[in-house]
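J.: I would like the atomic coordinates for the input below:
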Amino acid sequence: MRKTILFAAATLAAAVPAFAQDAAPAAPSASEQADIDRGGIIFGSFSQAVRSDQITEQEKNALFGCMYDNSIKAIAEQTGKVLAANPQIDATKPENVFNVAAVVCGARKAKTADDSAAAPATPAPQSR
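T.: I've put the predicted structure just below:
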């Protein structure tokens, strides 16, 4: 019994330095950081939207389905592309990020140029 405990302790002691020597992950690039930040906004706003009384059940289902079928990364990247293609949309406002992401996911229809210039409809991102 004592040998088993000593063996387990020795194995653990040998393994700990190996884990400690792993290099830290590289910092994300500026575009990757923008996608990460945008993904956080999208995740938070979609989560709030599916709990809101002000959003229709059809839109809630579309938002949830989009998050279920696609990674947040894929949704954030596609949203970023739409925002980059439409500089008139202020990408620093979370409500704009939510609206564009909802259009990207197919939960909302894009506004036309006559409706105050919103994002064009884009097919939902496919991942996994």
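J.: Correct me if wrong: Phe43 contacts Ser71.
T.: No - Phe43 is not in contact with Ser71 according to C-beta atoms under 8 Å; the separation is 10.7 Å. Where C-beta positions appear, they are placed from N, C-alpha and C, glycine not excepted.
J.: ok, residues contacting the longest helix anywhere in the chain?
T.: If you go by DSSP state H, the chain has its longest helix at helix 30-51. Helix 30-51 is contacted from outside by 28, 55, 59-60, 63-64, 66-67, 72-73, 75-77, 79-80, 91, 94-95, 97-98, 101-102, using C-beta atoms under 8 Å, 6 or more residues apart in numbering.
J.: Report the buried members of those residues.
T.: 55, 59-60, 63-64, 66-67, 72, 75-77, 79-80, 91, 97-98, 101-102 (16 or more other C-beta atoms under 10 Å).
J.: can you tell me which of those are in helices?
T.: 59-60, 63-64, 66-67, 72, 75-77, 79-80, 97-98, 101-102.
J.: Low-confidence bits of this protein, can you list those?
T.: 1-23, 112-128 (pLDDT under 70).
J.: same thing but at 80, please
T.: For the chain, the stretches with pLDDT under 80 are 1-25, 111-128.
J.: So the closest residue in space to Cys66 that isn't next to it in sequence versus Ala30, what's the distance?
T.: Closest residue to Cys66 apart from its sequence neighbours, by C-beta to C-beta, 6 or more residues apart in numbering: Cys105 at 3.4 Å. According to C-beta to C-beta, to the nearest Å, Cys105 and Ala30 sit 25 Å apart.
J.: how much space between Asp69 and Val97?
T.: For Asp69, the distance to Val97 equals 20 Å [C-beta to C-beta].
J.: Then Ile72?
T.: Relative to Val97, and taking C-beta to C-beta, Ile72 is found at 12 Å.
J.: which ones are touching Ile75?
T.: Gly39, Ile42, Cys66, Met67, Ala101, Val104, Cys105, Pro125.
J.: and whatever helix or strand Val82 lives in, C-alpha only, in CSV?
T.: Secondary structure from DSSP states H and E places Val82 in helix 72-85. Only the C-alpha atoms of helix 72-85 are listed here, as CSV (Å, rounded to 0.1, in the frame of the first residue of the first chain):
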residue,chain,number,x,y,z
ILE,A,72,-20.3,31.9,-32.3
LYS,A,73,-17.0,32.4,-34.1
ALA,A,74,-18.6,31.8,-37.5
ILE,A,75,-21.5,34.1,-36.7
ALA,A,76,-19.1,36.8,-35.5
GLU,A,77,-16.9,36.5,-38.6
GLN,A,78,-19.9,36.7,-41.0
THR,A,79,-21.3,39.7,-39.0
GLY,A,80,-17.9,41.4,-39.2
LYS,A,81,-17.9,40.9,-43.0
VAL,A,82,-21.3,42.5,-43.3
LEU,A,83,-20.3,45.4,-41.0
ALA,A,84,-17.1,46.0,-43.0
ALA,A,85,-19.1,46.0,-46.3
